[in-house]
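S.K.: Okay, here's the prediction I keep looking at, along with the sequence it came from:
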Amino acid sequence: MRFVDEVEITCISGKGGDGASSFLREKHRPHGGPDGGDGGRGGSVILRADPGRTTLEHLRGRRVYKAKSGGPGRGRHMHGRGADDYVIEVPVGTVVLDRETGAQLADLTEPDAFAVVVRGGGGGRGNMHFKTAGNRTPRKFEPGEPASTIELALELKLLADVGLVGFPNAGKSTLISVISNARPKVADYPFTTLVPNLGVVSRGWEGAFVVADIPGLVEGASEGVGLGHQFLRHVERCRVLVHLVAASGYGEPVEDPVERYQSLRGELSRFSPELSERPELVVVSKIDVATEHEVEDAVARFTELLGAPPLLLSSLRGDGTKALTERCWALVQERDDG
C-alpha cells in the first residue's frame, strides 16, 4: 500500500426535510385541523480516528463525500425520517484543516476521536405548529435547512514516542529493524526509505514505546527542498528525537559529522522552533565501517559541543543498541511524568 499523508476532500451535509402542509380529514372529523408533521434532520459528515488505518490512501480516489437528506414531513402528524450521519474513517493522528482559510478544525490524536466537520440541516416545521386562534387552517410550513459544504485538507502526522532523524544513509532503517518489530527496506544507497516506518520497541514487563524512522532529510528541507515538508510534519509528533550521524561522510554534501548534525538541527528548528527544545540524543552510527580516527574525532568534537559524549552505534554488530533503547525509554518516561 502506498503511503499517503495528505488529501483534499469536499464534505456536503444532508438537507433538512421540508415540513408538511396537511389537514386532517376523517369521516367523523371533516374539519380536523392542520396535521402536517416536521421534516427530518439531514445527515452530518463526521471524521473518526480508526486505529486500524495507517494512511489516507482510501480517500485518494474519491473527492466528494455527501450525507443523505432528511425525509419530508407527512400528514397525520408524521415526522420525516432523519438521515444517518456519514462517517469517514481516517488514521489516528489526522489533522483536519479548512482548505479555504487554513484554520485547524480538529486534531484526531486518540483512537475513536471524532469531529463533526459539517452538520446536517434541520428539518422544517409542519403546518400543525402554526395554528392560532385567529388562523385555524394555516397552510404555512417551513422548508428544511439547506445543505452545507466545506472543503477540507487532511494531513496525517505520525504519532511516535521516539523519532529517528538524520541525513540519508545514516542507518535509520537498519536501526529500527534491529530494535523494533518494523521491517523496512534496507539498502546501501541514500533514500532507501521513501515512507515513514513505525516500530514498537518492547521493554518486557515495563512496557513499550513507539519509534518512527523519518525518511532522510536534506539541507533546505524546511523550505520544502526534496521531500522536506512532507516528512518534517511527522517529526512534530515525536516526543524524543534521536539524531543519527554516520561517523564517516560517505560522500555526503556535508562531510563533517558535527556540521551534518548542526545542519539537520537547523532545518528542524526553522521548520518548527519548538523542535529545538525537544529532548534529544545524539548517536554516532556506523562505527563498524569508520576508521578509529573518525570515531575518536567525532566523539571528541561532539563532547565539546554537547558537554557529554554521544552514544556510539553499530546496528549490524549490535553495538550500543541496548544503551540507546534504555536512554530512549528513560526520556520517554520523563516526558510522561512531566
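M.R.: Here it is on my side, so go on. Numbers count the residues shown, from 1 in each chain.
S.K.: Show the contacting residues for the residue nearest to the spatial centre of the chain.
M.R.: Central residue of the chain (C-alpha atoms, centre = their mean): Thr94, 2.4 Å from the mean position. For Thr94, the contact set (C-beta atoms under 8 Å, 6 or more residues apart in numbering) comprises 47, 49, 56, 107-108, 154-157. From N, CA and C alone the C-beta is placed, and that goes for glycine too.
S.K.: now these in a markdown table, with distance to Glu274 and secondary structure?
M.R.: Output for the contacts of Thr94, formatted as a markdown table (distance: C-beta to C-beta, whole Å; DSSP: H, G, I helix; E, B strand; the rest coil):
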| residue | distance to Glu274 | secondary structure |
| --- | --- | --- |
| Leu47 | 26 | strand |
| Ala49 | 23 | strand |
| Leu56 | 25 | coil |
| Asp107 | 15 | strand |
| Leu108 | 21 | strand |
| Leu154 | 23 | strand |
| Glu155 | 17 | strand |
| Leu156 | 20 | strand |
| Lys157 | 14 | coil |
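S.K.: Among those residues, which one lies nearest to Asp98?
M.R.: Leu154 (11.2 Å; C-beta to C-beta).
S.K.: follow-up on the earlier one: tabulate the contacts of Thr94 in a markdown table, adding columns for pLDDT.
M.R.: Listed next are the contacts of Thr94 as a markdown table, based on pLDDT from 0 to 100:
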| residue | pLDDT |
| --- | --- |
| Leu47 | 98 |
| Ala49 | 96 |
| Leu56 | 89 |
| Asp107 | 94 |
| Leu108 | 95 |
| Leu154 | 95 |
| Glu155 | 90 |
| Leu156 | 88 |
| Lys157 | 84 |
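S.K.: Can you give me the neighbour number for the residue nearest to the residue nearest to the centre of the chain when sequence neighbours are not counted?
M.R.: Of all residues not flanking Thr94 in the chain, Leu108 sits nearest, at 4.9 Å (C-beta to C-beta, 6 or more residues apart in numbering). Neighbourhood size, Leu108 [other C-beta atoms under 10 Å]: 22.
S.K.: Could I get the contacting residues of Leu108?
M.R.: So Leu108 contacts 47-49, 90, 92-96, 114-115 (C-beta under 8 Å, 6+ apart).
S.K.: that older thread, ok, the contacts of Thr94 vs Arg136, which is closest?
M.R.: Nearest to Arg136 among the contacts of Thr94, with distances taken as C-beta to C-beta, is Leu47, at 47.6 Å.
S.K.: The closest one: neighbouring residues, count only.
M.R.: 25.
S.K.: Against Glu8, how distant is it?
M.R.: From Leu47 across to Glu8, the span is 14 Å (C-beta to C-beta, to the nearest Å).
S.K.: Now for those two: what residues contact both?
M.R.: Counting by C-beta under 8 Å, 6+ apart, the residues touching both Leu47 and Glu8 are Leu154.
S.K.: OK, contacts around the residue nearest to Gly120 when sequence neighbours are not counted?
M.R.: With sequence-adjacent residues excluded and distances taken as C-beta to C-beta, 6+ apart, Gly120 is closest to Gly42, at 3.4 Å. Gly42 sits next to 13-17, 67-70, 82-83, 120-123, 144-145, 147 when contact means C-beta under 8 Å, 6+ apart.
S.K.: ditto for Gly40
M.R.: Applying C-beta under 8 Å, 6+ apart, the residues near Gly40 are 16-17, 70-73, 79-83, 123.
S.K.: between those residues, which is closest to Val282?
M.R.: The closest of the contacts of Gly40, once distances to Val282 are taken by C-beta to C-beta, is Ala83, at 55.9 Å.
S.K.: buried stuff in stretch 290-305?
M.R.: Using 16 or more other C-beta atoms under 10 Å as the test for burial, stretch 290-305 gives 290, 294-295, 297-299, 301-302.
S.K.: what residues does it touch?
M.R.: Applying C-beta under 8 Å, 6+ apart, the external contacts of stretch 290-305 come out as 245-248, 257-258, 261, 282, 284, 287, 309-310, 312.
S.K.: Any of those buried? List them.
M.R.: Counted by 16+ other C-beta under 10 Å, the contacts of stretch 290-305 give 245-248, 257-258, 261, 282, 284, 287, 310, 312 as buried.
S.K.: Cheers, nothing more for now.
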